[in-house]
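> Build me a model:
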Amino acid sequence: MDSAPHAGKHRPSRGKARVSAWLTRHWQRRGLSLALLPLAPLALLFAALAALRRFLYRHTWLRCVALPVPVVVVGNLGVGGTGKTPLVLYIAQSLQAAGWRPGILSRGYGRLRGASEPCPVFPHSDPAQVGDEPVLLALRGKLPVWVGRDRAAAGAALLARHPDVDVLICDDGLQHLRLRRDVEIAVFDGRGAGNGFLLPLGPLREPLSRLRGVDAVLFNGAPDARVLAACAGGKGFDMRLLPGAFYRLDNPGICCTADDFAAKRLGALAGIGHPERFFRTLEQMGLLFSAHAFPDHHAYQSADLSSLPCEVLLMTEKDGVKCARFSAAPGMPELWALPVTASLPPDFFNFLLEKLKWTQNSSTSSSAPSARANCCTRKSSRN
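Next up is the predicted model:
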């Protein structure tokens, strides 16, 4: 086992990771970094295009597609992972336990270029074809998962194949305004809003004022005061990601705890939006390791793993769905994944159920068509 902690041992794998790390470092500073000033014209163009798009949807010049079941959208305002996928799993499994029959929609980031048509995702699907997060959702959720660049088309295809599904959960669809939604949930992690600027001057895809239109804001970490102010009067809930037992990728039935790695030389790999969160989790479990950060949605090759100086390589489940096929490769360390589960207060799920029951009651009332149309207009006008 390494005698030094992981700090200073990160191994960004490609130029993309270095650029991402540089941007993230400047985005997380309070106030605008002078190094980012050359990007100001691009930020102005991005803001103008985003505002125009919202205007066109608000005035119905771009059409919002309503599906025949309630839609819950889970997303974030900033770039990078905030814990949305564990939250989607939590919502889906909680709804199943309450008697609902959910399905999941995803953009399928990481799919091969040109793979834009809606398609189903199964636990055995190739992440290169459908994306890594959708495979993880299919593996953990054991319910219908479909991906597609057009989430409305993917939702229609899912419902055609699974007519018993009575609620759809959209993973990372807050900016996909084409899909009508009944509940919007925005997720923030400890990075908050960063410097508060829009891309590429800052990490935000939409201004914080957008939070006035969402139904709930979840905080996966210490709340940012600016985010709290932007959603004042709205519904805010704390969320935690709880680590489970490590499992071996070549035999998921073999599980262990952090103590079982005491005599091993450890490495940790993360190709997610915020690798530091995974490394910090491992530190909190008392582990010492060399850390290796890869770009989000990285397409791993066998050499990426076998070249790392360790006996045991720990990774996120999202990375695990792509790396399991390398387990038997020559010179490969033992590969283990760490699952995490979202934990939320009971008030959150009660709040969500009330929202969905209101939608159901509206759709079954005598004025159902107009109620659903108004819901579509209400949500699109928020954007």
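> pLDDT wise, what is residue 273 at?
pLDDT, the model's per-residue confidence, is 83 for residue 273.
> Where does it sit, in terms of helix or strand?
Under DSSP states H and E, no helix or strand contains residue 273.
> Can you read off the pLDDT for residue 117?
Note on residue 117: pLDDT of 87.
> Just give the nearest non-adjacent residue to it, would you?
If the residues on either side of it in the chain are set aside, residue 117 comes closest to residue 148, at 6.7 Å by Cβ to Cβ, 6 or more residues apart in numbering. C-betas here are computed from N, CA, C, even on glycine.
> how about the strands in the stretch 151-300 of the chain?
Assignment of strands within the stretch 151-300 of the chain using DSSP state E, counting those that start in this stretch yields the ranges 167-171, 183-189, 216-220, 236-238, 240-243, 246-248, 251-256, 266-270, 290-293.
> And the stretch 1-150 of the chain, by the same measure?
Under DSSP E, counting those that start in this stretch, the stretch 1-150 of the chain gives strands at 71-75, 102-106, 119-121, 145-147.
> Rebuild the ones you listed as JSON lines, extending it with mean neighbour count and distance to residue 51.
JSON lines is the format used below for those (neighbours: other Cβ atoms under 10 Å; distance: least, Cβ to Cβ, whole Å):
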{"stretch": "strand 71-75", "mean neighbour count": "25", "distance to residue 51": "18"}
{"stretch": "strand 102-106", "mean neighbour count": "28", "distance to residue 51": "26"}
{"stretch": "strand 119-121", "mean neighbour count": "20", "distance to residue 51": "33"}
{"stretch": "strand 145-147", "mean neighbour count": "30", "distance to residue 51": "28"}
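> Grab the most central residue of this structure for me.
Geometric centre of the chain, nearest residue: residue 84, 3.6 Å, by Cα atoms, centre = their mean.
> pLDDT weak spots in the stretch 1-150 of the chain?
For the stretch 1-150 of the chain, applying pLDDT under 70 flags the ranges 1-17, 110-115.
> re the thing from before, with distance to residue 281 as added columns, please give the strands of the stretch 1-150 of the chain in JSON lines.
Supplementary listing: the strands of the stretch 1-150 of the chain in JSON lines, determined by distance: least, Cβ to Cβ, whole Å:
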{"stretch": "strand 71-75", "distance to residue 281": "21"}
{"stretch": "strand 102-106", "distance to residue 281": "24"}
{"stretch": "strand 119-121", "distance to residue 281": "26"}
{"stretch": "strand 145-147", "distance to residue 281": "25"}
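> Excluding chain neighbours, what is closest to residue 237?
Nearest to residue 237 is residue 348, by Cβ to Cβ, 6+ apart, at 4.4 Å.
> How many residues are close by the one you found?
A total of 22 residues lie near residue 348 under the criterion other Cβ atoms under 10 Å.
> heads up, I number from 6, so please use that
With the count now opening at 6, the last piece we talked about shows up as residue 353.
> for the helix or strand it falls within, which positions count as buried?
Element membership for residue 353 (DSSP H and E) is helix 351-369. When neighbours are counted by 16 or more other Cβ atoms under 10 Å, the buried residues of helix 351-369 are found to be 353-354, 356-357, 360-361, 364, 367-368.
> do stretch 237-255 as well
So, applying 16+ other Cβ under 10 Å, buried residues of stretch 237-255: 240-242, 244, 246, 248, 251-254.
> and of those residues, the nearest to residue 51?
Nearest to residue 51 among those is residue 241, at 27.3 Å by Cβ to Cβ.
> Contacts only, for the nearest residue to that closest one once chain neighbours are set aside.
Nearest non-adjacent residue to residue 241, counting by Cβ to Cβ, 6+ apart: residue 222, 5.0 Å away. With contact taken as Cβ atoms under 8 Å, 6 or more residues apart in numbering, residue 222 is in contact with 190-193, 216, 232, 236, 239-242.
> any idea which of those residues is least confident?
Among the contacts of residue 222, residue 239 carries the weakest pLDDT, at 75.
> ok, now which ones touch that one?
216-217, 219-222.
> repeat for residue 48
Applying Cβ under 8 Å, 6+ apart, one finds that residue 48 lies in contact with 202-207.
> The same query, at a cut-off of 6 Å, please.
With contact taken as Cβ atoms under 6 Å, 6 or more residues apart in numbering, residue 48 is in contact with 203, 206.
> got it, and residue 135?
113, 126, 152.
> and the first one, what does it touch?
Going back to what we said before, that points to residue 113. Listed by Cβ under 6 Å, 6+ apart, the contact set of residue 113 reads 135-136, 139, 152.
> Ignoring the adjacent residues along the chain, who's closest to residue 298?
Here the nearest residue to residue 298 in space, its sequence neighbours aside, is residue 280; by Cβ to Cβ, 6+ apart that works out to 4.1 Å.
> ah, wrong one, I meant residue 345
If you skip the residues right next to it in sequence, residue 345 has residue 246 as its closest partner in space, 4.4 Å away by Cβ to Cβ, 6+ apart.
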